[in-house]
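A.B. asks: following is a predicted model, sequence given first.
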Amino acid sequence: MKRILAVILLGLSLAMTACSSESSKTENENNFPPTMKGTIEVNGQQYDIATGNYRWERKQGMETQVIVTDAASPYQIAENFEAIPISQREPIHINIEDKPTITVYLWDEKGRQKEVSVNNNQMEAPESAGKYVYEVLAEWSNGEVSYTFVVEME
């Protein structure tokens, strides 16, 4: 009788482990591609930044699944984005989930113009008055996302 009870308990334990494994597997599948929120902080206030195109990959057994999107350029995204007012030389802190490696580019109607200096996920506001469109290219080990934000120096 004790053996039968032990076998039943072992069977139930294995079944529960399998269900738990399937549950977390489904949960991970539902989180692909992941959504990584990005914000900037200026003068103590946080602002959302717009997500553009992205590329993510994951291994599933012997296969690699890749998802790539194509979005409007940062300059086109900026047309529908409210500019964030800033002061000269004000620091802009970039916050993106899971702390990716970031590169920031200045954009205009002709495209990507130049890379902007970033130190510890922080950059300085431009020196001259005007509206500035920035792209933040965030890179993780399994993907990358382009973000856009617009600042206006008065």
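C.D. replies: Arrived safely.
A.B. asks: what about the spatially most central residue of the chain, which SS state?
C.D. replies: The centroid of the chain falls nearest to M36 when counting by C-alpha atoms, centre = their mean (3.4 Å). Secondary structure, DSSP: H, G, I helix; E, B strand; the rest coil: M36 is coil.
A.B. asks: who touches it in this structure?
C.D. replies: Counting by C-beta atoms under 8 Å, 6 or more residues apart in numbering, M36 makes contact with I96, E97, D98, P100, A138, W140, V145. (Each C-beta comes from the backbone N, C-alpha and C, glycine too.)
A.B. asks: repeat for E152
C.D. replies: Neighbouring residues of E152 by C-beta under 8 Å, 6+ apart: A83, I84, P85, I86, G130, K131, Y132.
A.B. asks: now it, which residues is it bridged with?
C.D. replies: Per DSSP bridges, the residues bridged to E152 are P85, K131.
A.B. asks: tell me how far it lies from I92.
C.D. replies: 12 Å (C-beta to C-beta, to the nearest Å).
A.B. asks: need the residues touching each of those two.
C.D. replies: I86.
A.B. asks: what count of nearby residues applies to the residue nearest to the residue nearest to the centre of the chain when sequence neighbours are not counted?
C.D. replies: Nearest residue to M36, sequence neighbours excluded (C-beta to C-beta, 6 or more residues apart in numbering): E97, at 4.4 Å. Neighbours of E97 under the rule other C-beta atoms under 10 Å: 14.
A.B. asks: how about E97, what does it touch?
C.D. replies: M36, K37, G38.
A.B. asks: same list (those) but as JSON lines, adding pLDDT.
C.D. replies: As requested, the contacts of E97 are exported to JSON lines (pLDDT from 0 to 100):
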{"residue": "M36", "pLDDT": "93"}
{"residue": "K37", "pLDDT": "94"}
{"residue": "G38", "pLDDT": "96"}
